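Enquirer: sharing a sequence plus its predicted fold:
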Amino acid sequence: MADSSSEQDRPRDDLLDPDAPPGPKRLARAFRQFREGRGREAVDIYRDIMRPYETPLLAHINRGLRHYEHGRHESAIEEFLAAEKLDPENVENLAHLATAYGALSQFGEADEAINTAIRLDPLNVEVRVGEAILAFRKGLYAAAEVQLKAICRQDSSHGPAHFYRGEVLNRLGRVDEALKVMERAVQLHPGNWRAYHTLGMLFDRKDDRERASEMYRHARELNRL
């Protein structure tokens, strides 16, 4: 007998209603597929679920973040600039724009964006993370670690803060600390292929070839999405 609460039995209008909550069965299926190693299918399902809820501003920001995650920094900048035109004082977008510029070592543009964000909302966590990421990009690892450690303590569920703190700790040669922080980063953001790649490097440094190989495999799978 079919489950009366299944997505198939929901009215079509309800499925397309932007005010209706995402179907829990579709979300559960996406998470299950990810756990089974079917990352591409999981991400596709999740994006289909969330797309109707995106405003034009959020759509630009989300596309920019996807480009950034996969190293397409110029495309990320284009999306963040488009979002800035819609809302010039969106501090989170300005922080993302700064980090994308920083990834290309365009520090003049990066500093301008992050300084504007700091002026508008100096306590915003995304602004503080963006400022710390810029310090990391500039090679100021000790300063970045202090900033990111404070953010991680304040917000233990902030994935990017943990990821970049793990990267900084790796650069500082603090391998055991980096492993712990980066493992937390992948718990918070299982789709972050760069975190898995760094974990592979860290396990290599610990001479744990089996775990390193496993992490590199996860990174390759996710980077194909």
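Expert: Yep, it's here. Numbers count the residues shown, from 1 in each chain.
Enquirer: show the end-to-end separation of stretch 150-165, please.
Expert: Taking CA to CA, to the nearest Å, the first and last residues of stretch 150-165 lie 10 Å apart.
Enquirer: what residues of that stretch count as buried?
Expert: Within stretch 150-165, the residues that count as buried by 16 or more other CB atoms under 10 Å are 151-152, 158-165. For the C-beta atoms, the positions are set from N, CA and C on the backbone; glycine is no exception.
Enquirer: how about residues contacting it?
Expert: 125, 128-129, 132-133, 136, 144-145, 148-149, 181-182, 184-185, 188-189, 192, 194-195 (CB atoms under 8 Å, 6 or more residues apart in numbering).
Enquirer: just these: which are in helices?
Expert: 125, 128-129, 132-133, 136, 144-145, 148-149, 181-182, 184-185, 188, 194-195 (DSSP state H).
Enquirer: geometric centre of the chain: which residue is closest?
Expert: residue 160 (5.6 Å; CA atoms, centre = their mean).
Enquirer: and it, what helix or strand is that in?
Expert: Residue 160 is part of helix 159-171, with elements assigned from DSSP states H and E.
Enquirer: got the contact list for residue 215?
Expert: 196-197, 199-200, 203.
Enquirer: correction: the previous question concerned residue 195.
Expert: So residue 195 contacts 163, 166, 182, 185-186, 189 (CB under 8 Å, 6+ apart).
Enquirer: CA atoms of stretch 203-222 as PDB?
Expert: The C-alpha trace of stretch 203-222 is given here as PDB (Å, rounded to 0.1, in the frame of the first residue of the first chain):
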ATOM      1  CA  PHE A 203      46.900  11.900   6.700                       C
ATOM      2  CA  ASP A 204      49.800  11.600   4.300                       C
ATOM      3  CA  ARG A 205      51.900  13.700   6.700                       C
ATOM      4  CA  LYS A 206      50.900  11.200   9.400                       C
ATOM      5  CA  ASP A 207      52.000   8.300   7.100                       C
ATOM      6  CA  ASP A 208      48.400   6.900   7.100                       C
ATOM      7  CA  ARG A 209      48.300   6.000   3.500                       C
ATOM      8  CA  GLU A 210      45.000   4.200   3.700                       C
ATOM      9  CA  ARG A 211      43.100   7.100   5.200                       C
ATOM     10  CA  ALA A 212      44.800   9.500   2.900                       C
ATOM     11  CA  SER A 213      43.700   7.500  -0.200                       C
ATOM     12  CA  GLU A 214      40.100   7.400   1.100                       C
ATOM     13  CA  MET A 215      40.100  11.200   1.600                       C
ATOM     14  CA  TYR A 216      41.500  11.900  -1.900                       C
ATOM     15  CA  ARG A 217      38.900   9.600  -3.400                       C
ATOM     16  CA  HIS A 218      36.100  11.600  -1.700                       C
ATOM     17  CA  ALA A 219      37.700  14.800  -3.000                       C
ATOM     18  CA  ARG A 220      37.800  13.500  -6.600                       C
ATOM     19  CA  GLU A 221      34.100  12.400  -6.400                       C
ATOM     20  CA  LEU A 222      32.900  15.700  -5.100                       C
END
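Enquirer: in that stretch, what's buried?
Expert: 203, 212, 215-216, 218-219, 222.
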